[in-house]
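Chemist: Turn this into a structure:
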Amino acid sequence: MIGRHPPARPAAHQRRLAPLLAASALGALAAGCNSQPVATTGAIEVADYRVRHPIVLADGTRSLDVFPTGVGRLDPRQTADVDAFMLEYRRYGRGILLMEVPRGGPPAQAASAERTAAFLTRLAAQDRVGPREIAVTAYAVAAPSLAAPIRLSFQRMQAKVSDACGLWPNDTGTSNFALDYSNRPMWNLGCAMQSTVAAQVADPVDLVRGRPEGRIDTVKRVRDIGQLREGKDPSTTWRQDGQTDVKSQVGQ
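Modeler: Residues are numbered from 1 along each chain as shown. Just a heads-up that it's a prediction; the model follows:
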């Protein structure tokens, strides 16, 4: 008995299938060669003020104007200011401490400035800032009739806003229908608050990482563990003697 062979596919069907296979192969090849990242658009305005006005760490100048109150001396308030300024320089200062002394004023003012500069050098030595760390220079007095201070300055890392505040790229009035009714905050919104927060930071590194934990109070821990073993409450009892009724004092 002669076996029957399966019927051959029509030639027209094979001709229709060949272009589809070729297109699939080209698509797979193109997908394998395309290594570019997905394109993103930057046309959407950032709404978060912390992203529009970020706080960054950068080098800045710290300065203190010292006004002589006598011949070669300072009042107690300015002496305390200089002590605090020297302490900040020892902790965070970079480079030298610059002392700018006024020149070109009246003779009495110039003599007072010279003696005050020498007094500041001695005061800095008491605060462990040596003469080699101080560079003395002069600046011209613009108005001899006004008080000319001695300016102390140094460089240190500070926290500040990356861009300048007070910029209004768009009109805040009713000039653009699409902008007025977009319900988006103005560009300058939040910049002043970010600047205020940055100015209040004592150590800018606190914005980057947290501080490590301090030493454990061993005496209190041993006492609390002992109270727990005895079945007592280890919490601290706060007492306030001489409590006064606030309501009874109103109107007196």
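
Chemist: Can you name the residues that contact residue 73?
Modeler: Residue 73 makes contact with 116, 119 under the criterion CB atoms under 8 Å, 6 or more residues apart in numbering. No exception for glycine: its C-beta is placed from N, CA and C like everyone else's.

Chemist: Wait, a strand at it?
Modeler: No: with DSSP: H, G, I helix; E, B strand; the rest coil as the criterion, residue 73 is located in coil rather than a strand.

Chemist: Quick check: the gap between it and residue 82.
Modeler: In this view, residue 73 and residue 82 are 12 Å apart by CB to CB, to the nearest Å.

Chemist: likewise residue 63?
Modeler: Separation of residue 63 from residue 82 (CB to CB): 12 Å.

Chemist: Between these two, tell me which one has more neighbours.
Modeler: Neighbour comparison, residue 63 and residue 82: the larger count goes to residue 82, with 19 against 13 (by other CB atoms under 10 Å).

Chemist: if I read this right, that one contacts residue 65, doesn't it?
Modeler: No: using CB atoms under 8 Å as the test, residue 82 is too far from residue 65 to be in contact (10.9 Å).

Chemist: Quick check: chain neighbours aside, which residue is closest to residue 139?
Modeler: Nearest residue to residue 139, sequence neighbours excluded (CB to CB, 6 or more residues apart in numbering): residue 100, at 5.0 Å.

Chemist: Just confirm the one you found is within a helix.
Modeler: No: judged by three-state DSSP, residue 100 forms no part of a helix; its state is strand.

Chemist: per-residue pLDDT, it?
Modeler: On pLDDT, residue 100 comes in at 95.

Chemist: is it in a bridge, and if so with what?
Modeler: Beta bridges link residue 100 to residue 137, residue 151 when assigned by DSSP bridges.

Chemist: list the contacts for it?
Modeler: So residue 100 contacts 137, 138, 139, 150, 151, 152, 153 (CB under 8 Å, 6+ apart).

Chemist: ok, now with 7 Å
Modeler: Neighbouring residues of residue 100 by CB atoms under 7 Å, 6 or more residues apart in numbering: 137, 139, 150, 151.

Chemist: again, but for residue 207
Modeler: So residue 207 contacts 55, 159, 201 (CB under 7 Å, 6+ apart).

Chemist: Counting neighbours, what do you get for the closest residue to residue 138 other than its chain neighbours?
Modeler: Spatial nearest neighbour of residue 138, chain neighbours left out: residue 103 (4.2 Å); criterion: CB to CB, 6+ apart. Using other CB under 10 Å, residue 103 has 14 neighbouring residues.

Chemist: ok, now residue 236?
Modeler: Neighbours of residue 236 (other CB under 10 Å): 7.

Chemist: for it, helix, strand, or coil?
Modeler: Residue 236 - assigned by three-state DSSP - is coil.

Chemist: where exactly do the strands run in the stretch 101-250 of the chain?
Modeler: Taking DSSP state E, counting those that start in this stretch, the strands of the stretch 101-250 of the chain run over residues 134-140, 150-161.
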